[in-house]
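1. need a 3D model of the sequence below.
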Amino acid sequence: MQKNNIALSYLFTSNVLRDFFYNHHSNRLVKIFAEFNMLDKIYQNITLKDFFESSYKQLLKTYRNEYIFKNAIAQKILIGRHSINSSSLFTELRVETSKADIVIFNGTSHVYEIKTELDNFERLESQIENYKKVFEYVNVVSVESKIDEIKSLIDESVGIIILTDKYTLRTIRKAKSGLNRLNKEAMFNLLRKNEYLQIIQKFYNSVPDLPNTKIYSACKELFIKLPIEIIHKEMLRTFKERKNHKNFISTINLFPNSLKIAVLESDLSMEEQKDFSYLLNQKMNVIFNKKDYNVSSIS
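-> Model (predicted):
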């Protein structure tokens, strides 16, 4: 059973999903399933959509990995509570020495650090300290059995959310606003060059006329002189401009629940969404009989 779960979990990895999004098949998935002696799974007389859904349900029962948690946050917080029309979701966003699992920018900034049953907590304290520097609300999303351990490692300003056995998100403790503890330099480090130049131009009416080797430091010096409320507001605007979900406003509910986070991360065009929707309704055995696959290895 565990072997099957590991194989099914590959179905929701970024490389395999990109194969389906852009190549409309996945030689990589064939290789993986061959390694696990599960090739029969991909030649079933069911649609690709049904295969994703049934595989996801199996993982929900017996192997709740990080993808399950990310997808739950996308479904129940971004789509269910906020609005994809006015919010932006990022995954694996680099913050200082950490990568934030999920960040949502709407009227403010929220970060969600995921700790599954499969994870350890050795980096949690440093991750939380990094996130406190740049996001107003910091949350840990985990499981019931980990609550006491989490509470021993974080302070009361950090929210705790549990993914229940019924696939609901239950708030154990609400995150408190940390706007007054944000670090201007850490926030500057999140920005790309064109983004911080735009902010400097906006508030100082010009940018320093300096060589590229010196422009970064000069702009940072000007940036940290701005009030933290303005900096936070500009960060929200900047990230919502960097990535929005306008292509999914009218289509997100057309995709199966198992793939909400995947399609949001992909940023597919309307035409690409149409192609992928068509693929989802094709039979697995038709899709995988189209190619002469080499099934020698996973790599």
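
2. in a helix, residue 219, correct?
-> Yes: assigned with DSSP: H, G, I helix; E, B strand; the rest coil, residue 219 falls within a helix.

3. surely it touches residue 207?
-> Yes: applying Cβ atoms under 8 Å, one finds residue 219 in contact with residue 207, separated by 6.9 Å. C-betas here are computed from N, CA, C, even on glycine.

4. roughly how far does residue 254 sit from residue 245?
-> Between residue 254 and residue 245 the computed distance is 14 Å (Cβ to Cβ, to the nearest Å).

5. just residue 121 next, same as before
-> Look at residue 121 and residue 245: by Cβ to Cβ, they are 32 Å apart.

6. neighbour count winner among these two?
-> residue 245 (21 against 16; other Cβ atoms under 10 Å).

7. quick check: closest non-adjacent residue to that one.
-> Among residues not flanking residue 245 along the chain, residue 84 sits closest, at 4.1 Å (Cβ to Cβ, 6 or more residues apart in numbering).

8. name the SS class of the one you found, please.
-> Assigned by three-state DSSP, the conformation of residue 84 is coil.

9. doesn't residue 264 make contact with it?
-> Yes: counting by Cβ under 8 Å, residue 84 touches residue 264, with 7.5 Å between them.

10. now do the shared contacts for these two.
-> Each of 78, 245, 248, 252 lies in contact with both residue 84 and residue 264 under the rule Cβ atoms under 8 Å, 6 or more residues apart in numbering.

11. pick out the most distant pair among the residues you listed.
-> 78 and 248 (10.4 Å; Cβ to Cβ).

12. how near is the residue nearest to residue 245 to residue 273?
-> 13 Å.

13. residues shared between the contacts of those two?
-> Shared contacts of residue 84 and residue 273, defined by Cβ under 8 Å, 6+ apart, comprise residue 248.

14. quick check: domain ranges of this structure?
-> Using automatic domain parsing, the domain parsing of the chain gives 2-64+248-288, 86-180, 183-242.

15. ok, which of these comes nearest residue 71?
-> domain 2-64+248-288 (4.3 Å).
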